[in-house]
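In: any chance you could fold what I've pasted below:
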Amino acid sequence: PQVDILGPLCQEIRNAKNADVAEAGVEALYSILESTGHKMKNESWKQVIEAISSVPSMEHSSSDWADSCQTGFRCLKLIVDDFLEDAASAARSTLLDCCSTFGRSRQDVNTSLTAIGLLWTIADQDAGTESVERALAKLVLLASDTRPEVRNCSVNTLFSCIVGRGPTFTESQWESCICKTVFGVYDAVTSDTENSEEVPNEEKSKKKSRYQVSVHHSRDSADKQWLATQALVLRGLCRVLRNFFSSLLQTTDDGTGSVREGQDDTPWFDKAWSRILGFAYEASTHVGGRDTLELRNAGVELLVLCNQLACAAGIQAAITPARVGTNMEVINGALRSVRSPEKGKAESVLHHSHSAVTEMWRENLFLDAFDVLDSLREHLEGDTADNESGLSPHLEPTQVQVLSKFAAELSKLYECCKDNEFAEDRSLSNHSSIESLIAPVAPTPSEDDAMVSRFVRIVTTVAQGSSSGPGSRFLSQAQRSCMDLLKAMATS
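Out: The predicted model follows:
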């Protein structure tokens with residue numbers, strides 16, 4: 001009976017060619033939901049939601065349909081707020097499609113942003129994985145929207161979804177999430193970044209917005225805004241790796257206890273790791289002015305983070321513990337000085353127990369990440385050579401900020417690797433003479449060099465590359481950070 005009663009109204013809304021007719025139908029539907037929504041059953045929900053979803057279609061993008069779309073969105077909001085459990089159990093997929101349709105709607109940006117939030121609210125309410133996968137797929141599509149506010153909101157929501165539901169993911173779900181969802185978003189964003197100059201931008205001038213917003217000069221064009229979105233994706237990827245690197249690393253062990261052989265048997269995460277490092281390198285070496293600062297900083301952060309995560313101690317070794325108090329304690333009513341507790345290695349770093357196969361792959365991941373870090377050094381040395389040859393007499397201000405960020409991140413990396421990858425032989429028992437320990441100031445780089453020597457070369461390259469020239473009277477921020485790092489290494 002409910003389907004028969006609501007059928008004509010819903011059909012009239014779906015087939016409406018006139019905005020006023022659609023608005024009147026949606027208003028009537030809103031009144032029905034408000035008064036008797038709690039009595040609606042299964043098939044009726046699907047019918048109602050499909051009718052609402054038809055209002056903000058691409059054919060209804062003109063301003064004449066603005067009011068009817070707003071009313072339709074009020075209906076959707078009412079369903080999610082008051083009847084989500086009943087509506088979702090009967091038509092969850094249809095409800096997700098409806099949210100996605102309003103997210104793509106061009107009538108109002110705020111409506112699109114709210115619809116993106118509803119998309120995840122509906123999916124998160126489902127204990128299964130099907131709704132989450134559908135929601136992520138729709139967020140991937142919305143992440144390539146030409147409106148920067150909408151796509152940035154979609155990117156943030158997508159990574160929040162992954163971080164929120166990540167603990168429940170299986171290995172196959174992680175593979176799909178990283179290789180299809182995350183990489184798909186980044187590929188779409190970078191593709192649109194390259195083609196952003198071809199995207200017509202007359203839409204903003206033709207449509208009069210309800211809001212007049214002053215845009216910063218670093219984001220006052222389409223290509224600059226796409227670069228900001230690209231940086232947002234990289235920072236979202238950092239969030240995922242920080243939270244789930246150990247889980248992703250576990251996928252390299254197939255449980256057989258033996259190392260896979262051959263190209264086809266390479267773990268999917270090893271291949272994904274190579275792509276992630278490629279993203280980081282390309283972003284950190286991106287050519288441009290101040291509008292590229294966020295992207296380049298995000299690339300540097302991701303690249304160093306990969307090294308931190310894959311090192312033996314893990315990123316926890318770089319976290320400085322909060323110091324509470326001043327080694328004073330109340331004992332028997334009196335304030336007395338107590339000895340500072342010595343933090344043992346087992347307490348200072350949170351180690352995860354890995355199998356021999358997983359540990360082998362972890363070492364490979366670290367070596368791959370450090371090789372890319374070394375490649376960045378070679379790139380910076382090329383820039384330094386250009387400066388010295390006079391091709392670029394003035395250091396680019398944006399490059400100075402990127403190098404400052406890089407130097408700060410290198411300090412964190414040293415804290416993670418100083419006891420393992422960067423450990424040195426400090427005993428003289430194996431040396432008959434001290435002459436063998438004396439190395440030239442700038443040795444010729446070699447792949448056989450100790451890891452710590454390669455790291456020092458990276459640090460010195462950053463220090464040299466951030467110099468303002470021989471006539472400069474003061475050190476740059478990056479140079480001060482590098483000097484502090486080298487001092488810490490020498491006194492360690």
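In: any idea which helix or strand in the protein has the lowest mean pLDDT?
Out: helix 345-348 (a mean of 37; mean pLDDT, DSSP states H and E).
In: next structured bit after that one?
Out: Toward the C-terminus, helix 345-348 is succeeded by helix 356-388 as the next helix or strand (DSSP states H and E).
In: just checking, what packs against the helix or strand following that next one?
Out: Next helix or strand after helix 356-388 toward the C-terminus (DSSP H and E): helix 397-417. Under the contact criterion of 3 or more CB pairs under 8 Å, 6 or more residues apart in numbering; DSSP states H and E, helix 397-417 touches helix 293-310, helix 451-465, helix 477-491. No exception for glycine: its C-beta is placed from N, CA and C like everyone else's.
In: was I right about V132 contacting D126?
Out: Yes - under the criterion of CB atoms under 8 Å, V132 makes contact with D126 at 7.1 Å.
In: the two: who's more crowded?
Out: The residue with more neighbours, out of V132 and D126, is V132; 22 against 16, by other CB atoms under 10 Å.
In: with adjacent residues omitted, what lies nearest to that one?
Out: Leaving aside its chain neighbours, V132 sits nearest to A123 (5.1 Å; criterion: CB to CB, 6 or more residues apart in numbering).
In: which stretch of helix or strand covers the one you found?
Out: Using DSSP H and E, A123 sits in helix 109-124.
In: list the buried residues of that helix.
Out: 109, 111-116, 118-120, 122-123 (16 or more other CB atoms under 10 Å).
In: so which of the helices and strands packed on helix 397-417 is the most surrounded?
Out: With neighbours taken as mean count of other CB atoms under 10 Å, the helices and strands packed on helix 397-417 reach their highest mean count in helix 293-310, at a mean of 24.
In: what packs against that helix?
Out: Checking 3+ CB pairs under 8 Å, 6+ apart, helix 293-310 ends up next to helix 222-250, helix 268-284, helix 356-388, helix 397-417.
In: quick one: distance of the second one to the chain centre.
Out: Using CA atoms, centre = their mean, to the nearest Å, the mean C-alpha position of helix 268-284 is found 13 Å from that of the whole chain.
In: the residue nearest to the spatial centre of the chain and G299: what is the separation?
Out: Note on the chain: the residue nearest the mean C-alpha position is G236, at 1.3 Å, using CA atoms, centre = their mean. From G236 across to G299, the span is 13 Å (CB to CB, to the nearest Å).
In: and what of E396?
Out: With CB to CB as the criterion, E396 and G299 are 16 Å apart.
In: okay, now the unreliable bits of this protein?
Out: 1, 193-220, 256-264, 317-353, 384-395, 425-448, 469-471 (pLDDT under 70).
In: make it 80
Out: Within the chain, the ranges that satisfy pLDDT under 80 run 1-2, 192-221, 254-265, 317-354, 383-396, 424-449, 467-473, 492.
In: returning to what we had before: could the helices and strands packed on helix 293-310 be laid out in a markdown table, adding distance to L84?
Out: Shown next, in a markdown table, are those (distance: least, CB to CB, whole Å):
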| stretch | distance to L84 |
| --- | --- |
| helix 222-250 | 27 |
| helix 268-284 | 35 |
| helix 356-388 | 41 |
| helix 397-417 | 43 |
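In: nearest to R165, out of those?
Out: Closest to R165 of these is helix 222-250 (CB to CB; 10.8 Å).
In: and that closest one, which residues are buried?
Out: Using 16+ other CB under 10 Å as the test for burial, helix 222-250 gives 222, 224-238, 240-241, 244-245, 248-250.
In: stretch 33-46 now?
Out: In stretch 33-46, counting by 16+ other CB under 10 Å, buried: 33, 37, 40, 44-46.
In: what's in contact with it?
Out: Outside stretch 33-46, the residues that touch it by CB atoms under 8 Å, 6 or more residues apart in numbering are 2-3, 6, 48, 75, 78-79, 82-83, 86-87, 90-91, 94.
In: same check, this time on stretch 8-23
Out: 25-26, 28-29, 32, 47-48, 50-52, 54-55, 60, 62, 64-65, 67-68, 71.
In: stretch 280-296 too?
Out: In contact with stretch 280-296 (CB under 8 Å, 6+ apart) are residues 218-219, 223-224, 227-228, 230-231, 234, 298-300, 302-303, 306, 372, 375-376, 379, 396-398, 401-402, 406.
In: still on that earlier bit, tell me the helices and strands packed up against the helix holding A123.
Out: helix 66-82, helix 84-104, helix 130-142, helix 148-165.
In: same thing but 6 Å
Out: Other elements packing on helix 109-124 under the criterion 3 or more CB pairs under 6 Å, 6 or more residues apart in numbering; DSSP states H and E are helix 84-104, helix 130-142, helix 148-165.
In: show the subsequent helix or strand relative to the last one.
Out: Per DSSP H and E, helix 148-165 leads on to helix 171-176 as the next helix or strand towards the C-terminus.
In: pull out the buried residues from that following helix.
Out: 173-176.
In: for those residues, give me TSV that also has distance to D192.
Out: As requested, the buried residues of helix 171-176 are arranged in TSV below (distance: CB to CB, whole Å):
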residue	distance to D192
Q173	27
W174	26
E175	25
S176	23
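In: re the thing from before, identify the residues contacting the helix holding A123?
Out: Outside of helix 109-124, the residues within contact range by CB atoms under 6 Å, 6 or more residues apart in numbering are 73, 80, 95-96, 99, 102-103, 105, 131-132, 135, 149-150, 153-154, 157, 161.
In: run the last query once more with 8 Å
Out: 56, 69-70, 73, 76-77, 80, 84, 88, 92, 95-96, 99-100, 102-105, 131-132, 134-135, 138-139, 142, 145, 147, 149-150, 153-154, 157, 160-161, 164-165.
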